[in-house]
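Novice: give me the fold of what follows.
(6 chains, ligands or ions: 3)
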Amino acid sequence: MTNRFFKTSIAGGLASLLMAAAAVAQETAAEAPAAAAEAAATTMDKGDTAFMMISSVLVLFMILPGLALFYGGLVRAKNMLSVLMQCMMITAVVIVIWVVYGYSFAFGGSTSPWWGGTAKLFLGGVTMASEAATFTPGVVIPEYVFIVFQMTFACITPALIVGAFVERIKFSAVIAFVILWVTFAYFPIAHMVWDANGYLFGLGALDFAGGTVVHINAGIAALVAAIMIGKREGLGRDIMAPHSMTFTMVGASILWVGWFGFNAGSNLEANGGAALAMINTFTATAGAIIAWAAIEAVLRGKASMLGAASGLVAGLVAVTPAAGTIGPVGAIVLGAIASATCYLFVSKVKNSFGYDDSLDVFGIHGVGGIVGAIGTGIFSAASLGGIKGDDYSIAGQTMIQIQAVLVTIVWCAIVSVVALLIVKAVFGLRVSKEAESTGLDLTSHGEAAYHS
Amino acid sequence: MTNRFFKTSIAGGLASLLMAAAAVAQETAAEAPAAAAEAAATTMDKGDTAFMMISSVLVLFMILPGLALFYGGLVRAKNMLSVLMQCMMITAVVIVIWVVYGYSFAFGGSTSPWWGGTAKLFLGGVTMASEAATFTPGVVIPEYVFIVFQMTFACITPALIVGAFVERIKFSAVIAFVILWVTFAYFPIAHMVWDANGYLFGLGALDFAGGTVVHINAGIAALVAAIMIGKREGLGRDIMAPHSMTFTMVGASILWVGWFGFNAGSNLEANGGAALAMINTFTATAGAIIAWAAIEAVLRGKASMLGAASGLVAGLVAVTPAAGTIGPVGAIVLGAIASATCYLFVSKVKNSFGYDDSLDVFGIHGVGGIVGAIGTGIFSAASLGGIKGDDYSIAGQTMIQIQAVLVTIVWCAIVSVVALLIVKAVFGLRVSKEAESTGLDLTSHGEAAYHS
Amino acid sequence: MTNRFFKTSIAGGLASLLMAAAAVAQETAAEAPAAAAEAAATTMDKGDTAFMMISSVLVLFMILPGLALFYGGLVRAKNMLSVLMQCMMITAVVIVIWVVYGYSFAFGGSTSPWWGGTAKLFLGGVTMASEAATFTPGVVIPEYVFIVFQMTFACITPALIVGAFVERIKFSAVIAFVILWVTFAYFPIAHMVWDANGYLFGLGALDFAGGTVVHINAGIAALVAAIMIGKREGLGRDIMAPHSMTFTMVGASILWVGWFGFNAGSNLEANGGAALAMINTFTATAGAIIAWAAIEAVLRGKASMLGAASGLVAGLVAVTPAAGTIGPVGAIVLGAIASATCYLFVSKVKNSFGYDDSLDVFGIHGVGGIVGAIGTGIFSAASLGGIKGDDYSIAGQTMIQIQAVLVTIVWCAIVSVVALLIVKAVFGLRVSKEAESTGLDLTSHGEAAYHS
Amino acid sequence: MKIVMAVIKPFKLDEVREALTSIGIEGLTVTEVKGYGRQKGHTEIYRGAEYAVAFLPKLKIEVAVASSMADKAVEAIATAAKTGQIGDGKIFVFAIEHVVRIRTGETNADAL
Amino acid sequence: MKIVMAVIKPFKLDEVREALTSIGIEGLTVTEVKGYGRQKGHTEIYRGAEYAVAFLPKLKIEVAVASSMADKAVEAIATAAKTGQIGDGKIFVFAIEHVVRIRTGETNADAL
Amino acid sequence: MKIVMAVIKPFKLDEVREALTSIGIEGLTVTEVKGYGRQKGHTEIYRGAEYAVAFLPKLKIEVAVASSMADKAVEAIATAAKTGQIGDGKIFVFAIEHVVRIRTGETNADAL
Ligand SMILES: Nc1ncnc2c1ncn2[C@@H]1O[C@H](COP(=O)(O)OP(=O)(O)O)[C@@H](O)[C@H]1O
Ligand SMILES: Nc1ncnc2c1ncn2[C@@H]1O[C@H](COP(=O)(O)OP(=O)(O)O)[C@@H](O)[C@H]1O
Ligand SMILES: Nc1ncnc2c1ncn2[C@@H]1O[C@H](COP(=O)(O)OP(=O)(O)O)[C@@H](O)[C@H]1O
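Specialist: Residues are numbered from 1 along each chain as shown, chains lettered A, B, ... in the order given. Ligands and ions are numbered 1, 2, ... in the order given. Next comes the predicted model:
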């Protein structure tokens, strides 16, 4: 009932929204030239533009089909499509939101430390000629490229959360939660960390490619959601083994491949800095894969494929905030440490709590993200192979990193709790027990993933 | 029998063809300098070259494995390999044809409005130093890059048609049909639309990345083929559900990812124009995904994964001709409209006709392409967020768009009918009923897709 | 027992190794400026940097998931994860080795014809500002980019060998063998072929993207390994059909897509030379696909999907050394010849020997690589469409090519035999018969690839 | 009571089910099986490896019926599953002593 | 000796196995099957194509027991597999004449 | 007539089929099943989740034979399927009343 109604009104609302939008965009365009006025002293290099466009594509690739397969392979066959669908629909919804108000809320140019304001609703004022700054003074890229690149980050972050509540969540609840969550958690935190006026930026927190904004953020939301939504029926009794480890491995591989867009792309220019981020994204991940497999080999006598893939992701998460400031050897160490910590968490610590973070979003993105954020403070030091020399204080920076982590955790946790309470009240969070037993593919989407 | 003979002669012919070719290429190379002579005033930017090379790779990725999986997932397991094989073999055959005469027929430099002539058979005269123009006067890219980029378009278009006649077509018939069809439909229409001397180009039709050349063209051919080849045995009686929706989703995702090469690459330069095409390729698709899912949620109570994936493709198709000239908000609207139209067509209108366009090539590429072509006329207007200002007439341009669509439809339909009649006479179009029942994998290719 | 011990000590050793490493890297960094001193006269283009970074990503994509799926699809379901795991772990281990000593051994700057020396252990001295030369005097790219690009080559080569001994090898044996093999076969041969001081470079051997270094090298190692490790239990009796031809096709497609990074990237600059390598990587592959399929159609009456995919890889292998110096039409012919030779070898010749090179690594990479190396000598001639004019002697160059092939074969064979003997003595090469019958996934990794 | 167990060609399932429904039999259980018999299999080739596949996909149908219905059921299946081509399959009939419907605990005739 | 053959809902397998173990039955064979009966199936839609799926996934369990144990086994299964909802399935019992344990060659009672 | 039904280890299929062929039995039906018995299963671990897999993959073979052939068939299967290791499986024999070959309508002995 409610559900039906919701869908109808969404569809209706969407239509009118969209119709209005084209007009608004046009109006604001008239006021735009200001933004482009400062163009005089800037240079734009097609190499940067090319690099950033491809990087954006790589981040989309991480979600579809990367993350979707990584997660989808880990669930039972009867829930496969629901996972794929959630990832796809989240991406689509966040893209539209990003254009409508997300970009403005995050990077709208306001001087507030908490959000970007409303100046760029509907991308008002942005044209083909608009420019966005890079980290090198005077070097710019087309603003559309910056918008697109950041858009893919906004899409992947909520998609990561999906792993916490697969196999039991209502489809409408996922979408509603994501809309609230990106609005009140993602956009503000992105602004705080990456905008020059942002609160955490001001503190001096290092977060090259989004360790706090993306991974800790998603990890905390996942933990909250797993606790509030509750365990899957039959957890601990039924065999819930991954229906296709092959898909999970393919997904993990694509995540790695795409992550170069994520990390190296965060440099905004195709130069030695991007190259450093790239090599670190190779070496940290390699260190992490080896670490997880080595620990399993020692403790269990067998190194598992899922372990290696989990280490892979843990390494990528950990190197995300650090990629631009640490050295390639330090990255191996950081990756290995993060991997070992995540291993410990997901296979030992987690089981002693009662929650069902089904695909270990918190255990890998949250825990790995925290290790990475702190490790960034440490391994960025020149004495440990990083690029921060002379007046760099490991202790000082590390305290700032911890502060940034804590702010993110608190902010995100509060938004997540409130958002889930609202969604629960309006739509309910879980499908019926019967639907859960039959599987979400048939009951929520009317399809089955496999036939002969 | 015939079949055997055909294959033998193909193989034999191919060998002699190839032997002769290397020599020819060499001869014509001697006459080449003329082409490069005009180089004086041109500039080539490595950023453009890099961008266009990667874009070309992305378009290949769309076909293999993108389209192959998108289509393959939708057929029954017993026909999986036949679909993969058709996509792969079409790609290979069209690449060779493109080098031998396709590029020349389409872009050989003749002043005819209908074809490019024979000046560049075997890529005669093209060297590493040859240049091809972009849309910015004086800015060039290596001609080999242009050749490769356009080659991937020539490959994907006939591969799209495959969806119309899967599960029953003879393998030899597919290949023969494609050879005829690209020669008499694709190359001429590509010339007409994209060459400065081309007929539709002259009319002023807007087709940024190939809405008419690629999608309407393939869609019409598919419709003709579906009608002429007839329905699958057991249609309406047997369960013909997709054997792997997962592969279909992966294919759709890869199509999206690769389509950035297709659309943004069509700008030929890595600049703000490419960025506009890129953001539109994000937002139109997002709008289309949401629209299809919202309609299904309202009408059926459930939003399906296949619906979202179908919307995704419909959105991409629609934005293809429009990507370079509309705005990102207008793109959302255009995508949503195209998606809704395609939904209506494939789930309501189509069933009232009797043909079996098995994977809805016409329903999505044809219908979506037409909506996109007309929508380009509308949403390119500055008043609707597009880049065409002042003296732009929505009505006038839309009339031209419609004219281009009609020319394409008529030309393509005629070529398709004739080509199919020839192929039918020479090889026959369908496999035997028994082979169809056993499946094409075993009967046409001697393999099975899955074992334990 | 041994196994357990090995793993423990690996894990322990790794930890201390890594801890030491960050420090070392830092020290050597102090002595670095020399390397960057020559920067005065150099130019770096962001287009090149962007292109080479994406190319590196494409090569990683070839391995994970490309090669892993290509190989994995061909084994029985019970061994799927073992193949995926081997590919992933080899990649991770070689990345770490590359940073620690591999890059130095191959490109450390020593004037020895046999290896690169120890000057760049732990990438000592390399910073964001370090530059690496391209083939155009004065044009440089960031050294990190060169390191990363070459690193991916070092990773894929040993991963190729996996196909020779799947379904029966011990996991510890794979890793130990790879460590020895890259150290004593890959790094030296890479130095010999690609370093300006290298022995085969000095001879004047043409190997654009690694025909000898990568493919012949891997092919010979595979042949040696297949012979020394012995046949799979039940070969010739049990049905060992590919468990998922779909994955194999996806893997082959990804190999093709990624190979553009491999071949065009080997040009180190985004210019007409890269474009030539790219078009050849299209056309040779197309010629090879058609050739294999045509031969099968004639000889068996059916063209198989696996045949087309095998031809695809054979064509890519053959064009690898030739991509930068032959013409696009010559490439079609070269691809077709290589494909036909490989077909003959794997379906006729191989069966008359008794070894079990399970996935035809030698039959395709070895044989195709040899055809390619020799064909490079031939088709590079301007008279056959290549770029080598005037004073180029086909016979002379071809003799040099053969010499390079022979050196590679002998060196690689010796290293492979010795390495395998050592590994056999320390860990043993094969799992128990019972484990082989149950499958490596459960017995070596404690997992199963598929559940419902 | 009897169980009528039939091995049939897969694509005949719907026709067989309809035939049974039309004589009032409303329950059956189907299993995917592989059959070996006179119908010869096929050969698959993967590069140099050639496999003779002797087992063909079939469906096994099990229908529990009152003894009096057994002949009718056999006839219905035989008619519906017949193509006249080799490999059409076989029907086996055997006695069962006891039937229980789990949901209700009903037994024998009531449970069918 | 008898074979007790039951068609049950898939998620009931573990409970049924435990119930059998608790009465001393330590062996059984399980087959994935599709069942058609009173429980109605579902509809799947793929774009314009709508399929009524009438066959539902079930598990078939076969347990060979001494004749004296048959009733207890039936009861154990019936109790464990029951949800009270339509589609719980059925139990069939039939006689077997001979049993052999392949490993040892033991026969009949010793083979169970 | 009888049905000889055997549960065997999967990799023994070809040997069993050959053994049966060698005594003149030219038809059989095979089903993939999961077996639970004395042979113990294995454990799989996926990150923190550990699953004890108690059911092992087996094949079930059903062969309909003339009563006079039943013992020979049992013996052939028992010999071919034996490894002597736990989990080799079991053979069950039960009577069937009626056999029909669908293609021809032949019944009983003629239908085998
Ligand atoms: N003696 C048998 N016991 C069990 N199943 C049999 C037997 N003979 C045949 N079958 C089954 O019947 C199917 C069809 O038998 P086949 O001999 O191929 O053709 P036909 O039914 O036309 O004689 C086989 O694939 C097999 O599954
Ligand atoms: N006559 C029958 N013969 C064989 N199997 C049957 C028969 N009737 C029902 N079954 C099996 O039992 C299952 C459950 O039967 P159904 O009629 O749906 O519900 P219930 O057991 O509650 O009456 C069916 O799915 C089918 O597998
Ligand atoms: N009582 C039984 N009823 C039905 N199947 C059985 C029974 N006992 C064993 N089986 C089947 O036989 C297989 C082998 O039995 P198991 O006890 O493991 O070894 P063994 O045959 O060596 O005694 C089991 O996996 C199961 O499929």
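Novice: what parts of chain D come near ligand 1?
Specialist: Listed as neighbours of ligand 1 in chain D under the rule Cβ under 6 Å from any ligand atom: D:7, D:35-39, D:56, D:58, D:86-90. All C-beta atoms are positioned from the backbone trio N, CA, C, and that covers glycine.
Novice: please redo it, this time with the cut-off set to 5 Å
Specialist: Residues of chain D lying near ligand 1 by Cβ under 5 Å from any ligand atom: D:Val7, D:Gly35, D:Gly37, D:Arg38, D:Gln39, D:Lys58, D:Ile86, D:Gly87, D:Asp88, D:Gly89, D:Lys90.
Novice: mind listing which of these are in strands?
Specialist: Secondary structure assignment (DSSP state E) places D:Val7, D:Gly35, D:Lys58, D:Lys90 from the residues of chain D next to ligand 1 within strands.
Novice: now, the most widely separated pair of the residues you listed?
Specialist: Farthest pair in those (Cβ to Cβ) is D:Lys58 and D:Lys90. Separation: 9.8 Å.
Novice: what sits in contact with each of these two?
Specialist: When contacts are counted by Cβ atoms under 8 Å, 6 or more residues apart in numbering or on different chains, D:Lys58 and D:Lys90 have D:Val7 as shared neighbours.
Novice: returning to what we had before: just put the ones in strands among the residues of chain D next to ligand 1 in JSON lines and tack on pLDDT and distance to B:Leu203.
Specialist: Below are these laid out as JSON lines (pLDDT from 0 to 100; distance: Cβ to Cβ, whole Å):
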{"residue": "D:Val7", "pLDDT": "98", "distance to B:Leu203": "65"}
{"residue": "D:Gly35", "pLDDT": "97", "distance to B:Leu203": "63"}
{"residue": "D:Lys58", "pLDDT": "97", "distance to B:Leu203": "61"}
{"residue": "D:Lys90", "pLDDT": "97", "distance to B:Leu203": "69"}
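Novice: and of those, the nearest to D:Ile25?
Specialist: Within these, distances to D:Ile25 taken as Cβ to Cβ reach their minimum at D:Val7, with 17.8 Å.
Novice: could you pull up phi and psi at the nearest residue to that closest one once chain neighbours are set aside?
Specialist: Counting by Cβ to Cβ, 6 or more residues apart in numbering or on different chains, D:Gly89 is the residue found nearest to D:Val7 once chain neighbours are left out, at 4.1 Å. Recorded main-chain torsions at D:Gly89 are phi 100, psi -170, according to degrees, to the nearest 10.
Novice: quick one, what contacts D:Gly89?
Specialist: Neighbour list for D:Gly89: D:Ala6, D:Val7, D:Ile8, D:Lys9, D:Gly35, D:Lys58, D:Ala81, F:Ile102, F:Arg103 [criterion: Cβ under 8 Å, 6+ apart].
Novice: now do it against ligand 2, distance only.
Specialist: Distance of D:Gly89 to ligand 2, computed by Cβ to the nearest ligand atom, to the nearest Å: 18 Å.
Novice: so what's that residue scoring on pLDDT?
Specialist: According to the per-residue confidence, D:Gly89 scores 96 in pLDDT.
Novice: same check on A:Ile10?
Specialist: Looking at A:Ile10, its pLDDT reads 44.
Novice: near chain B, anything from the helix or strand encompassing A:Leu84?
Specialist: Per DSSP states H and E: A:Leu84 is located in helix A:80-97. Yes - with Cβ under 8 Å from any Cβ of the partner chain as the measure, helix A:80-97 is seen reaching chain B through A:Met80, A:Leu81, A:Leu84, A:Met85, A:Met88, A:Met89, A:Thr91, A:Ala92, A:Val93, A:Ile95, A:Val96.
Novice: what is the subsequent helix or strand relative to that helix?
Specialist: Toward the C-terminus from helix A:80-97 - assigned by DSSP H and E - lies helix A:103-107.
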